[in-house]
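1. only geometry, no sequence info:
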């Protein structure tokens, strides 16, 4: 019976080898975070994506943690694959994935470039060989921004305008990994007592007898559903409506250049049967603004999260506070369920006192923060439930719970409820919430995915949320809702088309009356159309058009459009990609975000407002194919990226012809990657 099923899958799914990747969904997650002003320099998701291209995940040997690292499979889809593999044994061919409940052809096309099949277990490696038989890589990047406009920048930078990054990394499969990162932001000093502004180091070991994971140096902690601790990219609202559950290993090594959201110390996970125990300790310096009260006592009024130390004021805040973080997790995991207990404590060298404004009443004061939680998950037939219940040191509560349902092979539903007290205090946490951090929120999320037919999918969600207490620039309890609908159509394996509509209504301050601001509805709408066409194996063309409208006391409009062109040939040692983009918005409120990629592991998410246009060009040259006479160049790849923007940066009407000189800014990046 299984043999005939395999033959049917091969006939019905000829396009399974389509090299469509899922970078678009990850990019949408990043753009969605930027819209909520949750920007970060973390590029770990790009590093992971690059690694899976060269080292695909073995679907016959991968466990739940391995599959979650792909960041494209929902928790229910992972459980369905594991159950299928348990009942019928190893997969014969990737086409057999169509027989897994909940796995659509579109999903399989996304993961094909990053997975493989093998019926052989990988041989055990000695620890000594794992340290000298892996892959080394050395990355060097230099970039600089140019400002040719007549703008006058009053800030006086202490250092040179170049950005520099050095990254060394060793990796032996998923067993051993260590690396070193050094970075200097533009405007920071290079030749100082410490050399470069930011350093990072990590040593990561995995699957050494009962030690499941061990890391020394810099690492991230991701617990439960993010109510007590979650560092790195977390799932937020996006076009992937089933991605509402946070699912990552608790300990992960850190090798990015973001200077804020990571721990520095040691961590380990011990595993015995179905039980796991994780513990970590971290101590590092943080940049903060220090104030003094009327008695001369110092306290922390705010933390600096930019990572910049370029001016005298920024240097004065550098490493002014010491933080000691410790925590542990005890969990029990079976094939269909999981329950875990999490505890995190953070101690600061100075007390926190963020101010006396009404919205800061529950911001949290004192020299330490303590959080504890219980997280859980279970699978029953076609239902997967999960959640987390957390408290802080004053027993203020936070609760999040969700369900994933597969009602039919063409219909999936996701539900998520959260209730977080205004007085709940946490730090370095990131959950599936409207706010950037879990606090002061109640809400209900409904998502739905419908496969209208094999090449057409309809996805949408509606989210209702309330903020019981005041917020920054909102002088009363407020609320809102968020609505999203997207239709994706793939008429052939070379053409992808999608159209979406998004509407968000959120209350905010309006005009002041007698010193008190009136709370009014602010509504933001956006329409997006995107077209992607693979002309042949070497050339891919993409086009996007997005229109936005912001309505408050008055309406503002904006529009953005771009054309992307990529050239990638297996016969040529070089790759080219470029974009030409135009934008025209009436102001910052109707701004439009668009992710732009530069050299490898480099990206930016500008907020386009005003009127203008921009372009960029990326060139990648692989010396491995042409450096026969120069052996030292064989393992080298080179990238050059150039971008330039022409913009008024003024509030023009939507249909007003530009009547002032355009301002121009440009940047260039050069990168070398030496791997052996």
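-> It's in. Predicted, not measured: the structure shown is a model, and the values here were computed from it. Numbering: from 1, shown residues only.

2. Just the buried residues of the helix or strand encompassing residue 340, please?
-> Secondary structure here is read from DSSP states H and E; on that basis residue 340 sits in strand 337-352. Applying a neighbour-count criterion of 16 or more other C-beta atoms under 10 Å, one finds 338, 340, 342, 343, 344, 346, 348, 352 buried in strand 337-352. (C-beta placed from N, C-alpha, C; glycine too.)

3. same question, stretch 499-509
-> By neighbour count, with 16+ other C-beta under 10 Å as the criterion, the buried positions of stretch 499-509 are 500, 502, 503, 504, 506, 507, 508, 509.

4. Also stretch 209-216?
-> By neighbour count on 16+ other C-beta under 10 Å, the buried set for stretch 209-216 is 212, 213, 214, 215, 216.

5. Compute the mean per-residue pLDDT across that stretch, please.
-> Along stretch 209-216, the predicted confidence averages to a pLDDT of 92.

6. One more: stretch 604-617?
-> Per-residue pLDDT values over stretch 604-617 give a mean of 90.

7. now swap in stretch 549-560 and tell me
-> The predicted model assigns stretch 549-560 a mean pLDDT of 92.

8. Next: stretch 448-466.
-> 93.

9. Give the bridge partners for the residue lying closest to residue 486 once chain neighbours are set aside, please.
-> If the residues on either side of it in the chain are set aside, residue 486 comes closest to residue 500, at 3.9 Å by C-beta to C-beta, 6 or more residues apart in numbering. Beta-bridge partners recorded for residue 500 (DSSP bridges): residue 486, residue 528.

10. Can you name the residues bridging to residue 216?
-> For residue 216, the residues forming beta bridges with it (DSSP bridges) are residue 203, residue 266.

11. In this structure it contacts residue 203, no?
-> Yes: here residue 216 lies in contact with residue 203, judged by C-beta atoms under 8 Å, at a distance of 4.5 Å.

12. Neighbours of residue 409, how many?
-> Per other C-beta atoms under 10 Å, the neighbour tally for residue 409 reads 11.

13. Could you double-check that it sits in contact with residue 100?
-> No: judged on C-beta under 8 Å, residue 409 makes no contact with residue 100 at a distance of 10.3 Å.

14. give me the low-pLDDT residue ranges for the stretch 51-200 of the chain?
-> Residues of the stretch 51-200 of the chain that meet the criterion pLDDT under 70 lie in 119-128, 148-155, 191-194.

15. State the pLDDT value of the residue nearest to the spatial centre of the chain.
-> If you average the C-alpha coordinates of the chain and look for the closest C-alpha using C-alpha atoms, centre = their mean, you land on residue 233, 3.5 Å from that point. According to the model's per-residue confidence, residue 233 sits at a pLDDT of 82.

16. again, but for residue 44
-> Taken from the predicted model, the pLDDT recorded for residue 44 is 79.

17. is it possible to export the buried residues of strand 337-352 to JSON lines including distance to residue 663 and pLDDT?
-> Converted to JSON lines, the buried residues of strand 337-352 look like this (distance: C-beta to C-beta, whole Å; pLDDT from 0 to 100):
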{"residue": "338", "distance to residue 663": "54", "pLDDT": "94"}
{"residue": "340", "distance to residue 663": "53", "pLDDT": "97"}
{"residue": "342", "distance to residue 663": "49", "pLDDT": "97"}
{"residue": "343", "distance to residue 663": "52", "pLDDT": "97"}
{"residue": "344", "distance to residue 663": "46", "pLDDT": "97"}
{"residue": "346", "distance to residue 663": "43", "pLDDT": "96"}
{"residue": "348", "distance to residue 663": "42", "pLDDT": "96"}
{"residue": "352", "distance to residue 663": "40", "pLDDT": "93"}
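
18. Now distance to residue 635 too, for these, in JSON lines please.
-> Below are the buried residues of strand 337-352 laid out as JSON lines (distance: C-beta to C-beta, whole Å):
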{"residue": "338", "distance to residue 635": "42"}
{"residue": "340", "distance to residue 635": "42"}
{"residue": "342", "distance to residue 635": "43"}
{"residue": "343", "distance to residue 635": "45"}
{"residue": "344", "distance to residue 635": "42"}
{"residue": "346", "distance to residue 635": "43"}
{"residue": "348", "distance to residue 635": "45"}
{"residue": "352", "distance to residue 635": "49"}
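
19. Farthest pair within these?
-> Between all members of the buried residues of strand 337-352, the longest pairwise span (C-beta to C-beta) is found for 338 and 352 and amounts to 33.6 Å.

20. Just the closest of the buried residues of stretch 209-216 to residue 30, please.
-> Using C-beta to C-beta, the shortest approach to residue 30 within these belongs to residue 215, at 25.1 Å.

21. Just the closest of the buried residues of stretch 209-216 to residue 363, please.
-> residue 215 (31.5 Å).

22. so the closest one makes contact with residue 250?
-> No: taking contact to mean C-beta under 8 Å, the distance of 10.7 Å between residue 215 and residue 250 leaves them out of contact.

23. Quick check: closest non-adjacent residue to residue 184.
-> residue 164 (4.5 Å).

24. Count the residues that sit near that neighbour.
-> Burial of residue 164, expressed as a neighbour count using other C-beta under 10 Å, amounts to 19.

25. what comes into contact with the helix or strand containing it?
-> Of the helices and strands defined by DSSP H and E, residue 164 is found in strand 162-172. The set of residues that contact strand 162-172 without belonging to it, under C-beta atoms under 8 Å, 6 or more residues apart in numbering, is 51, 125, 130-131, 133-144, 176-186, 190, 196, 255, 257, 669.

26. Going through those residues, which ones are buried?
-> Listed as buried from the contacts of strand 162-172 are 130, 134, 137-139, 141, 143, 176-186, 196, 255, 257, 669; burial here means 16+ other C-beta under 10 Å.

27. Narrow those to those in strands?
-> Judged by DSSP state E, strands contain the following of the buried ones among the contacts of strand 162-172: 137-139, 141, 143, 176-184, 669.

28. Tell me who's in contact with residue 140.
-> Taking C-beta under 8 Å, 6+ apart as the criterion, residue 140 is in contact with 165, 166, 167, 671, 672.

29. Make TSV from the residues you listed and add distance to residue 581 and neighbour count to it.
-> Converted to TSV, these look like this (distance: C-beta to C-beta, whole Å; neighbours: other C-beta atoms under 10 Å):
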residue	distance to residue 581	neighbour count
165	26	21
166	31	16
167	29	21
671	23	21
672	28	15
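
30. follow-up on the earlier one: in the sheet, who's paired with the residue nearest to residue 184?
-> Here residue 164 sits in beta bridges with residue 142, residue 184, as judged by DSSP bridges.

31. Name the secondary structure element that contains the residue nearest to residue 345 when sequence neighbours are not counted.
-> Counting by C-beta to C-beta, 6+ apart, the nearest residue to residue 345 once its immediate chain neighbours are dropped is residue 370, at 5.0 Å. Under the criterion DSSP H and E, the helix or strand holding residue 370 is strand 366-380.

32. who does that strand touch, helix- and strand-wise?
-> Counting contacts by 3 or more C-beta pairs under 8 Å, 6 or more residues apart in numbering; DSSP states H and E, the secondary-structure elements packed against strand 366-380 are helix 75-88, strand 337-352, strand 383-392.

33. Tabulate the ones you listed (TSV), appending distance to residue 237.
-> Formatted as TSV, the helices and strands packed on strand 366-380 follow (distance: least, C-beta to C-beta, whole Å):
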stretch	distance to residue 237
helix 75-88	17
strand 337-352	24
strand 383-392	17
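
34. Relative to residue 451, tell me which of the ones you listed wins on proximity.
-> Smallest distance to residue 451 across the helices and strands packed on strand 366-380 (C-beta to C-beta): 13.5 Å, for helix 75-88.
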